[in-house]
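>>> Pasted the sequence and its predicted model underneath.
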Amino acid sequence: QVQLVESGGGLVQAGDSLTLSCEASGRTSSRRTMGWFRQRQAPGKEREFVAYITDNNGGRTYYADSVKGRFTVSWDHAKNTAYLQMNSLGPEDTALYYCAASWVATATRSLYDYWGPGTQVTVSP
């Protein structure tokens, strides 16, 4: 089992930066990819992929087009903590952000089997 807990969310203004953390505990060595997803609070909005970082292929990262160039994902193995640095935030980034763990490097939500409870990010215009 792997337990994940996100932190660092909050209310910011457009153009600000924010860093989310995801602390992992349990059998963390069993999962080689840490991903970030978000879910906007609007009817019909599904949880969408944001970014991942994987031990496969030597720490490769991958981003959704909507955040590429603005967000940076990292992973401190010594602290068992993954991070999502978010810059140039806009109201469209307002969402509940989740971290998740997978055994494979993927942007596919269904292949992540451990999830944190989420942390809210709200960006005012």
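Yep, it's here.

>>> tell me the contacts of the residue nearest the centre of the chain?
By CA atoms, centre = their mean, the chain has its centre lying nearest to residue 36, at 2.2 Å. Going by CB atoms under 8 Å, 6 or more residues apart in numbering, residue 36 touches 20, 22, 49-52, 73, 82, 84, 97-100. In this view, the C-beta of every residue, glycine as well, is placed from N, C-alpha and C.

>>> quick one: contacts for residue 39?
Residue 39 neighbours (CB under 8 Å, 6+ apart): 45, 46, 47, 48, 95, 96, 98, 118.

>>> which residue sits closest to it, ignoring its sequence neighbours?
residue 47 (4.3 Å; CB to CB, 6 or more residues apart in numbering).

>>> Now the nearest residue in space to residue 116 that is not next to it in sequence: which helix or strand?
For residue 116, ignoring the flanking residues on the chain, the nearest one in space by CB to CB, 6+ apart is residue 4 at 3.7 Å. Using DSSP states H and E, residue 4 falls within strand 2-7.

>>> in that strand, what's buried?
In terms of neighbour count (16 or more other CB atoms under 10 Å), strand 2-7 has its buried residues at 2, 4, 6.
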